[in-house]
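Chemist: sequence and predicted model, in that order:
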Amino acid sequence: MTSREVIDNLLRKKKAERVGVTDAPWGDTLRKWAGEGYPVDQENNPVSPLEHFGFDVCGVGGWFDVAPLRGTEEIVEETDERVIK
């Protein structure tokens, strides 16, 4: 099965030949690995782990905004010592 077929089957609750594989190594980890022989590109940056390891799933952004009301303030409690917003 291709990566696409594996993930599609898993999402549709069908049988797949394996579990989809993904990971997100930290940038510092990739740089350390590059010093230990991990492949780098022409600009000496570590290559994408997605491509190198053949992961089935990758992050594409679009995370939920944890502060949807940016720029607004509501004072919940105010004392002489503190203000809770």
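Modeler: Nice, I can see it. Quantities reported herein were computed from a predicted structural model and do not represent experimental measurements.
Chemist: skipping adjacent residues, who's closest to the residue nearest to the spatial centre of the chain in space?
Modeler: Centroid check for the chain by CA atoms, centre = their mean gives G59 as the closest residue, at 4.8 Å. Nearest residue to G59, sequence neighbours excluded (CB to CB, 6 or more residues apart in numbering): A24, at 6.6 Å. All C-beta atoms are positioned from the backbone trio N, CA, C, and that covers glycine.
Chemist: residues near that neighbour, how many?
Modeler: Each residue near A24 was counted by other CB atoms under 10 Å, and the total is 11.
Chemist: for F55, same thing?
Modeler: So F55, with other CB under 10 Å, has 16 neighbours.
Chemist: what about the helices in this protein?
Modeler: Per DSSP state H, the chain carries helices over the ranges 3-11, 27-35, 49-53.
Chemist: quick one: buried residues of the last one?
Modeler: By neighbour count, with 16 or more other CB atoms under 10 Å as the criterion, the buried positions of helix 49-53 are P49.
Chemist: please state the offset of it from the chain centre?
Modeler: 14 Å (CA atoms, centre = their mean, to the nearest Å).
Chemist: just to revisit the earlier point, which pLDDT value belongs to the residue nearest to the centre of the chain?
Modeler: Note on G59: pLDDT of 79.
Chemist: nearest to E73, out of the helices of the chain?
Modeler: Of all these, helix 27-35 sits nearest to E73, with 33.9 Å by CB to CB.
Chemist: now the closest one - C-alpha only, CSV.
Modeler: Extracted C-alpha coordinates of helix 27-35, given in CSV (Å, rounded to 0.1, in the frame of the first residue of the first chain):
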residue,chain,number,x,y,z
GLY,A,27,15.3,21.6,14.6
ASP,A,28,18.1,21.4,17.2
THR,A,29,17.9,17.6,16.9
LEU,A,30,18.2,17.7,13.1
ARG,A,31,21.2,20.0,13.3
LYS,A,32,22.9,17.7,15.8
TRP,A,33,22.2,14.7,13.6
ALA,A,34,23.5,16.6,10.5
GLY,A,35,26.8,16.9,12.4
